[in-house]
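Asker: Build me a model from this:
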Amino acid sequence: MAKSHIQYSCQQCGAIYKNWTGRCNKCGAWSSLIQQFDENSREEKSAIGRSQMSGKPLDFVSINDLEVSSEKDRLSTGFHDLDTVLGGGILLGSVALLAGQPGIGKSTLLMQICATIANGHKVLYISGEESAGQIKLRAIRLGADSDNLKFASSTSANDIAKTIEEGEFDLVIVDSIQTLTIAEIASAPGGVSQVTNCGNLIIRAAKLSDTAVIIVGHVTKEGTLAGPKVLEHLVDIVLNFEGDRYGGFKIIRAIKNRFGSTTEAAIFEMNQSGLAEVENPSAALLAERQNTDGSIILATLEGTRPILVEIQALVTPTNFGYPKRTASGFDLNRLNLLIAVIERRTKLKLNDKDVFINVVGGLKLQDSAADLAVCLAIASAVAGRKLSEDFVVFGEVGLGGEVRSAFRPDQRIAEAKKLGFAHAIAPATVKDKFVVPVKDLRTTLIDYVNE
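Answerer: Residues are numbered from 1 along each chain as shown. Next up, the predicted model:
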């Protein structure tokens, strides 16, 4: 008899085993092994040979003869900033993946988008997580009562793909990819095989019928998208919904966008009528500010939008031999690096002090130009001195203590002027009368904190 070339692959980590076991020894997942053929088996090699013989040359055309979708084929979400993040709206035939923490507002946002688009287009909302009654209550609360908005409850990717292929709807919402299964694959929902193949099936149906599809994805404890990385490669747009689900601002960024930029961001806040765009986030963030020691106003960017945000620092004597460093909204590794620069390049000693940094409003800064503001906030808290209310701060700090240039300083300065600030402490490379130029961290601390 011919030798069977069967192997078992873990759905969670991809480890390969010759025999089935109840638990994967590599990642520790239980009942995660599925059966497949060995890539090096003779059966597999003969299949590759047969596929090579059955292929035929492709039909090709000139690149100038290809048709492109018109901007008129984009569907407006009803949120100007979100349309900008998407590159001008939802393009027909595109597939977007929306991921975020549980409870942050993904279903609320999608129902508001459905309410807007259903005014002139046919929309289908497919849920594999919630009942029809739950969806109905949310639709009533958000005003999504159009006859063009249809609902279906299903966890079958086969049925969903077939419905999309019919081409009856302009937009289809699938909530969520981790609940879907393909009948031909004998594994639990949310596994690597199920997510990958369900995604492939839905994407193929969307492209064939020129239907826009938004897929909801779960996230892990670390905040990354759950499931295989290949799912992010398959879709056209990957949107990340960030923020504090209990309050503060919520931000949508495009991690991947085949139809637009990945530098834009849409800022929302939750109220009784759902999610609303924040027109002037700088004014909202500074409304309750009290000018105390350790408080610095940073001119930062969320995508290409300038925002003024308060950086707060608290420095206290440590009660243990090892000082504590804590950061909310700022990278902890970057904070440790800046503290090392302060201790090495200035006369401040922080090895016996606990340092706490907070970014007001629940924002998570990814701007390197926040370095100077964080350093000034720490120095201000140590010295017990306040910086003048007329100043905003931005600039990157190098390991040598030098203050380096920041991205798009003109937009930061314009935002500061609009809110009534008189000066900006910024890198010397910025040529503007509004700017007080600084070259290194030590001189800056002496001139503006330790005077």
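Asker: ok, longest strand in the protein?
Answerer: strand 305-317 (DSSP state E).
Asker: quick one: buried residues of it?
Answerer: Applying a neighbour-count criterion of 16 or more other CB atoms under 10 Å, one finds 305, 306, 307, 308, 309, 310, 311, 312, 313, 315 buried in strand 305-317. Where C-beta positions appear, they are placed from N, C-alpha and C, glycine not excepted.
Asker: Now do the helices in this structure.
Answerer: Per DSSP state H, the chain has helices spanning 42-54, 80-85, 106-117, 132-142, 157-165, 192-209, 230-234, 281-286, 332-345, 371-383, 409-418, 441-448. These are given in chain order.
Asker: Let me know which of these is tucked in deepest.
Answerer: Mean neighbours per residue, mean count of other CB atoms under 10 Å, is largest over the helices of the chain for helix 371-383, with a mean of 26.
Asker: Partner strands of the longest strand of the chain, with direction?
Answerer: According to DSSP bridges, strand 305-317 has the following sheet partners: strand 295-302 (antiparallel), strand 353-359 (antiparallel).
Asker: Mean pLDDT, distance to residue 405 and mean neighbour count for these - can I get that in a markdown table?
Answerer: Supplementary listing: these in a markdown table, determined by pLDDT from 0 to 100; distance: least, CB to CB, whole Å; neighbours: other CB atoms under 10 Å:
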| stretch | mean pLDDT | distance to residue 405 | mean neighbour count |
| --- | --- | --- | --- |
| strand 295-302 | 94 | 14 | 26 |
| strand 353-359 | 96 | 22 | 21 |
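Asker: Quick check: bridge partners of the nearest residue to residue 353 once chain neighbours are set aside?
Answerer: For residue 353, ignoring the flanking residues on the chain, the nearest one in space by CB to CB, 6 or more residues apart in numbering is residue 315 at 5.1 Å. Applying DSSP bridges to residue 315 yields these beta-bridge partners: residue 355.
Asker: how close does residue 315 get to residue 382?
Answerer: Here residue 315 is placed at a distance of 5 Å from residue 382 (CB to CB, to the nearest Å).
Asker: Also residue 147?
Answerer: Residue 147 is 64 Å from residue 382, where distance means CB to CB.
Asker: Residue 54 now?
Answerer: Shown here: residue 54 relative to residue 382, a distance of 74 Å by CB to CB.
Asker: try residue 244
Answerer: Taken as CB to CB, the spacing of residue 244 relative to residue 382 amounts to 28 Å.
Asker: With residue 193 instead?
Answerer: In this structure, residue 193 and residue 382 are 55 Å apart, going by CB to CB.
Asker: Report the residue ranges of every domain in this structure.
Answerer: In terms of domains, the chain is parsed into 6-50, 71-279, 283-448 (source: automatic domain parsing).
Asker: who touches the closest residue to residue 295 other than its chain neighbours in this structure?
Answerer: The shortest distance from residue 295 to any non-neighbouring residue, by CB to CB, 6+ apart, is to residue 312 (5.7 Å). Taking CB atoms under 8 Å, 6 or more residues apart in numbering as the definition of contact, the neighbours of residue 312 are 294, 295, 357, 358, 359, 360, 377.
Asker: again, 7 Å this time
Answerer: Applying CB atoms under 7 Å, 6 or more residues apart in numbering to residue 312 gives the contacts 294, 295, 358, 360, 377.
Asker: try residue 112
Answerer: Applying CB under 7 Å, 6+ apart, one finds that residue 112 lies in contact with 78, 142, 274, 275.
Asker: Could you pick out which of those are located in strands?
Answerer: Those of the contacts of residue 112 mapping onto strands are 274, 275, per DSSP E.
Asker: which one of the contacts of residue 112 is nearest residue 116?
Answerer: When the contacts of residue 112 are compared for distance to residue 116 (CB to CB), residue 78 wins out at 3.3 Å.
Asker: Which residue is the nearest non-sequential neighbour of that closest one?
Answerer: The nearest residue in space to residue 78 (CB to CB, 6+ apart) is residue 116, at 3.3 Å.
Asker: quick one: pLDDT of that neighbour?
Answerer: Per-residue confidence at residue 116 stands at 95 (pLDDT).
Asker: which residues does residue 23 form a beta bridge with?
Answerer: Residues in beta-bridge contact with residue 23 (DSSP bridges): residue 30.
Asker: Looks like it contacts residue 33 (just checking).
Answerer: No - counting by CB atoms under 7 Å, residue 23 stays clear of residue 33, with 8.7 Å between them.
Asker: And these two? Which one has more around it.
Answerer: residue 33 (23 against 13; other CB atoms under 10 Å).
Asker: In contact with the more buried one, which residues?
Answerer: 8, 9, 10, 17, 20, 21, 24.
Asker: Quick check: closest non-adjacent residue to it.
Answerer: Sequence neighbours aside, residue 8 is the residue nearest to residue 33 in space, at 4.2 Å (criterion: CB to CB, 6+ apart).
Asker: mind checking how far that neighbour is from residue 195?
Answerer: Computed as CB to CB, the residue 8 to residue 195 distance reads 19 Å.
Asker: got it, and residue 238?
Answerer: In this structure, residue 238 and residue 195 are separated by 14 Å, where distance is defined by CB to CB.
Asker: now do residue 330
Answerer: Computed with CB to CB, the distance linking residue 330 and residue 195 is 33 Å.
Asker: How far does stretch 237-254 sit from its chain's centre?
Answerer: Between the centre of stretch 237-254 and the centre of its host chain there is 6 Å, according to CA atoms, centre = their mean, to the nearest Å.
Asker: ok, now stretch 80-93?
Answerer: Per CA atoms, centre = their mean, the centroid offset for stretch 80-93 relative to its chain is 16 Å.
Asker: Okay, now it: how far is its last residue from its first?
Answerer: End-to-end distance of stretch 80-93: 21 Å, with CA to CA, to the nearest Å as the criterion.
Asker: Next: stretch 68-79.
Answerer: Using CA to CA, the gap from the first to the last residue of stretch 68-79 comes to 25 Å.
Asker: Same check on stretch 297-314?
Answerer: For stretch 297-314, the separation between the terminal residues is 15 Å (CA to CA).
Asker: One more: stretch 252-269?
Answerer: The separation between the terminal residues of stretch 252-269, taken as CA to CA, is 11 Å.
Asker: now swap in stretch 390-399 and tell me
Answerer: The straight-line separation of the ends of stretch 390-399 (CA to CA) is 28 Å.
Asker: same question, stretch 386-404
Answerer: Distance across stretch 386-404, first residue to last, is 24 Å (CA to CA).
Asker: okay, and the helix or strand of this protein with the least pLDDT?
Answerer: Counting by mean pLDDT, DSSP states H and E, the chain has its least confident helix or strand at helix 42-54, which shows a mean of 57.
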